[in-house]
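Trainee: Here is the input, now give the coordinates:
(2 chains)
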Number of protein chains: 2
Amino acid sequence: MKGLCVCVCVCVCVCVSVCADLLPASCGEEMTRGFLQELVDILLGFICKSNQRSSKVLDFHHPHQLKEGLEGFSLDLPDQPETLEQLLVDCRDTLKYGVSTGHPRFFNQLSSGLDVIGVAGEWLTSTANTNMFTYEVSPVFLLIEEVLLKKMRSIVGWADDEGDGLFCPGGTISNLYSILLARYHFYPEVKTRGMGALPRLAMFTSEHSHYSVKKSAAVLGIGTENVVVVKCDERGKIIPAALETSIATAKEKGLVPFYVNATAGTTVYGAFDPLNAIADICHSHTLWMHVDAAWGGGLLMSDRHRMKLQGIERACSVTWNPHKMMGVPLQCSAILVKKRGLLQECNKLGAQYLFQMDKPYDVSYDTGDKSIQCGRHVDVFKLWLMWKAKGSDGFGSQVNKCLENAEYLYDQLQKRTEFELVFKNKPEHSNVCFWYIPPSLRSLPPGSDRDRRLHQVSAHHHSG
Amino acid sequence: MKGLCVCVCVCVCVCVSVCADLLPASCGEEMTRGFLQELVDILLGFICKSNQRSSKVLDFHHPHQLKEGLEGFSLDLPDQPETLEQLLVDCRDTLKYGVSTGHPRFFNQLSSGLDVIGVAGEWLTSTANTNMFTYEVSPVFLLIEEVLLKKMRSIVGWADDEGDGLFCPGGTISNLYSILLARYHFYPEVKTRGMGALPRLAMFTSEHSHYSVKKSAAVLGIGTENVVVVKCDERGKIIPAALETSIATAKEKGLVPFYVNATAGTTVYGAFDPLNAIADICHSHTLWMHVDAAWGGGLLMSDRHRMKLQGIERACSVTWNPHKMMGVPLQCSAILVKKRGLLQECNKLGAQYLFQMDKPYDVSYDTGDKSIQCGRHVDVFKLWLMWKAKGSDGFGSQVNKCLENAEYLYDQLQKRTEFELVFKNKPEHSNVCFWYIPPSLRSLPPGSDRDRRLHQVSAHHHSG
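Mentor: This next block holds a predicted model:
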C-alpha cells in the first residue's frame, strides 16, 4: 500500500532568532511588511540606477578581492544570525558588486535589458513559490503554460490539434529533450534496455551550432564522436549538399543517422540554416528534424523577419528561448514537440505518490510525468504577463526595432576605419561581428601575426 | 577566427505600447516605481493573508472552469497590449486562484511554509537577472555558490581540499549528475564514444528510492531494466544483504555493476538507508556510492539528528535540496562531488565564445563548462541570505522543531481511533504516514476490500 496512504510531511517553516519577528510569527505582519518594503526600495533604486547611462555596468573586482571582504562585505556563512539591518546591507552590497544586466550599455551573450513587467512576473512567481508537477498544486500556472505552449506552436505553424511541449531550465536542456525524444521515437526500447540494444546512432549539426548538441550527445550516452559536424558557408549557414554527403558517409561507416539539428540564429554569427532544404533531406532519409531557434525564435513574432525561419513548421521539434530575443528575464526556454503524447511516453514512470489516476479532476494536467525533472520551477508567468503587456504585436515591434538597431550599428561600423566587419553582408539577426583595430595595428598586413594581436585586443574588450 | 571577434547582440529592451511609460523609457522612473510598488502591495497582502489560518489554502476550480474565464480572469494572450491596471488585476487573480503554498495548513509534497527572507532573496535574484556561466557576468553569485558548496561539503564531512559541486534545477537533475559522473569516472571514453563502447552497466537503488534514479537511467541511455531494485525492510530501509545478493546476481548475468544509490530520507516513509553498510559494500566491489539526501540532507544541520546520516562522508556524491527540509523557496538543489575536477572533465566542451582562456582574471570561476546547462539560473542567493538570517545554528533549531512537530503528530494519531498509523515506530524524519478511517469503515475486517475503500478515502483527501 506504499504511497497510497496520506503522508504528511510536517516541515512547517519555523523561524528562529532574528526572523522570529517576521511571519509566520504571530504579530509578524508589521515587521514583514517593513523589511520587504525596505528591500523593495533598494531594488527600485537599483533598477533606476541601472537605467542611467552614467552609472557603471560593473564595478569589477578580482575573485580574491571579493573573498577578502571589500568594505566589510563578507560572503561567509555565520553560525549565529545577522540582524535584519545587516541583511539589507548584504543585499545592497550584492547588487553593488554585481553586474547591472539591465544597463543600457550591458552587451553580453544574447540577453540584455531588464523588462519591468518581466521582473514583476518573477516577483509574483517567487512569492507564490509553486512547483509545476500537478494541477492540484499549480492550477493557474499549468494552464498558463498550456496557453503559452499552444500559442507558440501555432506561431511555429503547427496545426491546432498537434503538438506538445514544456518549459525547461535553459536552451541546452530543451535541445537535450529533442534528442531524447527523437531517440525514443525511433527506438522506444532504449528507455528500458539502454543504448546497448541500439545500433550505433549518428546525429548531424553544423559547425556553427550551439555546443549543447554535442553536450547532450555526451549526456545521453550517444557519444560526441557520433555527432557529425556539417560544413557551413561563409555566412555560417549549413550547406545542404554537405549534409547529404555527411549522411551518406556516416551510413557507409555503418552508423545509423536519426537526428538533424538545424539552427535558426547561430550563437556568434546569428545565421539561419536553410530549413526547407534540411527538411527535404530529413524527409527523404526519415530523420528527426530539430530546429534550435533558442536565439532566432523571437523573429517569428515579426511579420517582417519571420520568413528567415521558413520551413520551421516542418520540424519535429523546436527550441525557442523567450529569455533571449524576447527580453524575458532568465530563465524561460521552451521545447516544442510536434508529435503529441511522445513527451509523456518517453519520460513517464508513474510515481504513485504524485500521479494517482483516481484524483477528482482531469489528471491530464498533471504534467510532472512528462518532464525529466520531478519538481519544476515556474518559468512561464513572467512571459505570460509580458505578453499581456505588449500583445503579440508589441513583441513584433520590439524585434523589428532590435534588428533596426543592429543594422544601424552595422552601417556605422562600415563607415569607420577603426573597425573591421567580419562580414560584408547586412546582419540577418541582431548579431554584429567586428574587430576593433587599434591605431598601432592599422598598418599591419593581413596574416597570422595581425590576427593574433587583434585577438588579444578583443579578448580584453570582451571581458572589460 | 570564429568566436574570437567581438560579437555584439543588439537586443536592447525596446518597450512599446503600455510599457512605453516604464523604464527604460526616459522619464519612466516614476511610473516604474508606482507600478512595482502597487504589485508589491498585492504581494505583501497575499503573504499576510496566506499566513492566516482562516483563509483558504486553495479556491479550487476545475481546468475547464478556469479556462472559461472566471469572473473575467482571462488566460488568453492578446494581440494588443493590456493596461497596467489590468495587469495588476491579472496578478491579483493569478494569486487568488492559485495555491497558498505558504499557508500554515498547506501540506503537500516535501515543501511548505514561505520563508520571508527566502522570498526577499528571490526578489533580489530576479531583479539582478544574472546568468551563472562566467565570472565576468556573475562575480558575486559565483563566489556565493562557492562559499555555500564548500560549507555544505564540510557539513557532509569531506576534507577542505576535496570536492566540487553545482546547484541544479531540482533533485532529479542532481541525481542525474551523480550517475553521469560515476559513468564517466569508470569509463571516460563514454563521453566521445557513447554507451555502445561500454559493457552492459548495472545500477542499484532501493524499492523506496525516488523515481529520478530510474528516470535518469532512461535519459542517460543506461536503460531502466539495468536499474536493479533492492529490497527494503519494513521501515523502508535498504537491506544490505539484499544489496550484496543483487550485485552478485547482476554479475552472474554478465552485467557490470558501477553505481549504488542510497537514500537518506525516502519520499514517502522518510527512511534512512544504512549508509555505512552500503559504503562497505561499495568499497569491496569498487562501486560509486551516491547518497540521495534531497529530503534528508537538512538533518545534517542538526546535532541531534545528523547521526541518522552516519556514513554519508564515505559517499562519492551527494544530492541535497535546501528547498525541501531547510525551507528555501523553490528551486534550490545541490549536487556535491568528492572527486575534484571530475565535473569539469566530464562536461566540458570549451565553447570559445564563452570560455576564453586568456581573460584577465582567474578563469577557474568560469563554472559554465562544469554544468550540463549553458546558462544557469541563480538558485544560491536566497539560501545564502537565509543562512545569514538564521545562522547554521538557526537551521539546526528549525530542523529540530520540525521533527518535534512530527513526533507530536505521531503521538496524537496514536491516541485516536479514527486514524491508523502505517508504522508503529516513531518517525525518523518528519514524514508521518497514516490512514484516515471514516466511521463507516471502522468495523470492517482487514483485507483487500477495506484497503480498496481506505484508498478511495485517502485519494480524495490527498487532492482535497
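Trainee: Chain A: helices as residue ranges?
Mentor: Secondary structure of chain A (DSSP state H): helices at A:29-50, A:63-68, A:84-97, A:116-128, A:139-156, A:171-186, A:190-193, A:212-219, A:240-252, A:275-285, A:342-347, A:381-415, A:448-463.
Trainee: Can I get the ones you listed in TSV including mean pLDDT, distance to residue B:40 and mean neighbour count?
Mentor: C-beta here means a position set from N, CA and C on the backbone, and glycine is covered the same way. Supplementary listing: those in TSV, determined by pLDDT from 0 to 100; distance: least, C-beta to C-beta, whole Å; neighbours: other C-beta atoms under 10 Å in any protein chain shown:
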stretch	mean pLDDT	distance to residue B:40	mean neighbour count
helix A:29-50	96	5	19
helix A:63-68	92	30	14
helix A:84-97	97	15	18
helix A:116-128	97	7	26
helix A:139-156	97	20	21
helix A:171-186	98	31	25
helix A:190-193	98	46	21
helix A:212-219	97	37	25
helix A:240-252	98	52	16
helix A:275-285	98	44	18
helix A:342-347	96	37	19
helix A:381-415	96	15	21
helix A:448-463	74	36	14
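Trainee: nearest to residue B:369, of those helices?
Mentor: Ranking those by distance to residue B:369, with C-beta to C-beta as the measure, places helix A:212-219 first at 9.4 Å.
Trainee: which helices and strands sit right next to that closest one?
Mentor: The criterion is 3 or more C-beta pairs under 8 Å, 6 or more residues apart in numbering or on different chains; DSSP states H and E, and the helices and strands that helix A:212-219 contacts are helix A:171-186, strand A:201-206, strand A:227-230, helix B:190-193.
Trainee: Need the ones you listed in a markdown table (columns: distance to residue B:417).
Mentor: Formatted as a markdown table, the entries for the helices and strands packed on helix A:212-219 read as follows, by distance: least, C-beta to C-beta, whole Å:
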| stretch | distance to residue B:417 |
| --- | --- |
| helix A:171-186 | 50 |
| strand A:201-206 | 60 |
| strand A:227-230 | 64 |
| helix B:190-193 | 57 |
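Trainee: what's the closest of these to residue B:344?
Mentor: In this view, the helices and strands packed on helix A:212-219 are compared for proximity to residue B:344 by C-beta to C-beta, and helix B:190-193 is the closest at 12.2 Å.
Trainee: Show me the contact partners of that closest one.
Mentor: Where contact means C-beta atoms under 8 Å, 6 or more residues apart in numbering or on different chains, the residues beyond helix B:190-193 that reach it are A:218, A:221, A:223, A:224, A:225, A:226, B:183, B:184, B:197, B:198, B:346.
Trainee: And those residues, which two are furthest apart?
Mentor: Comparing every pair within these by C-beta to C-beta identifies A:226 and B:346 as the most remote, at 17.5 Å.
Trainee: neighbouring contacts of stretch A:152-165?
Mentor: Identification of contacts with stretch A:152-165 by C-beta under 8 Å, 6+ apart yields A:149-150, A:300-301, A:312-313, A:315, A:318, A:320, A:334-344, A:370.
Trainee: Swap in 6 Å and give it another go.
Mentor: With C-beta atoms under 6 Å, 6 or more residues apart in numbering or on different chains as the test, stretch A:152-165 has contacts from A:149, A:300, A:312, A:313, A:318, A:334, A:335, A:336, A:337, A:338, A:340, A:343.
Trainee: Buried only: go through those residues for me.
Mentor: Buried members of the contacts of stretch A:152-165, scored by 16 or more other C-beta atoms under 10 Å in any protein chain shown, are A:149, A:300, A:312, A:313, A:318, A:334, A:335, A:336, A:337, A:338, A:343.
Trainee: Could you single out the nearest of the residues you listed to chain B?
Mentor: For the buried ones among the contacts of stretch A:152-165, the closest approach to chain B (C-beta to the nearest C-beta) belongs to residue A:149, at 11.2 Å.
Trainee: Just the pLDDT for the spatially closest residue to that closest one that is not a sequence neighbour.
Mentor: Once flanking residues are discounted, residue A:149 sits nearest to residue A:165: 4.1 Å by C-beta to C-beta, 6 or more residues apart in numbering or on different chains. What the model reports as pLDDT for residue A:165 is 97.
Trainee: so how far is residue B:185 from residue A:165?
Mentor: 35 Å (C-beta to C-beta, to the nearest Å).
Trainee: repeat for residue A:401
Mentor: Plainly put, residue A:401 is 50 Å away from residue B:185 if you go by C-beta to C-beta.
Trainee: Residue A:383 now?
Mentor: In this structure, residue A:383 and residue B:185 are separated by 39 Å, where distance is defined by C-beta to C-beta.
Trainee: cool, residue A:115 as well?
Mentor: When C-beta to C-beta is the yardstick, residue A:115 and residue B:185 sit 43 Å from each other.
Trainee: Could you do residue A:127 as well?
Mentor: When distances are taken as C-beta to C-beta, residue A:127 and residue B:185 turn out to be 41 Å apart.
Trainee: for residue A:435, which residues make a bridge with it?
Mentor: The partner list for residue A:435 in beta bridges (DSSP bridges) reads residue A:420.
Trainee: That one: neighbour count?
Mentor: Applying other C-beta atoms under 10 Å in any protein chain shown, we find 22 residues neighbouring residue A:435.
Trainee: from what I can see it touches residue A:421, true?
Mentor: No: the pair residue A:435 and residue A:421 fails to qualify as a contact (C-beta atoms under 6 Å) at a distance of 8.2 Å.
Trainee: What does the pLDDT read for the nearest residue to residue A:442 once chain neighbours are set aside?
Mentor: Taking C-beta to C-beta, 6+ apart, and ignoring the residues beside it in sequence, residue A:442 has residue A:417 as its nearest neighbour in space, at 7.2 Å. According to the model's per-residue confidence, residue A:417 sits at a pLDDT of 89.
Trainee: How many neighbouring residues does residue A:417 have?
Mentor: Neighbourhood size, residue A:417 [other C-beta under 10 Å]: 8.
Trainee: distance of it from chain B?
Mentor: Distance, residue A:417 to chain B, by C-beta to the nearest C-beta, to the nearest Å: 16 Å.
Trainee: where's that residue relative to residue A:437, distance?
Mentor: Taken as C-beta to C-beta, the spacing of residue A:417 relative to residue A:437 amounts to 8 Å.
Trainee: just residue A:286 next, same as before
Mentor: Between residue A:286 and residue A:437 the distance is 50 Å, computed by C-beta to C-beta.
Trainee: Among those two, which residue is more densely surrounded?
Mentor: Each of residue A:286 and residue A:437 had its neighbours counted (other C-beta under 10 Å), and the higher figure belongs to residue A:437 (19 against 9).
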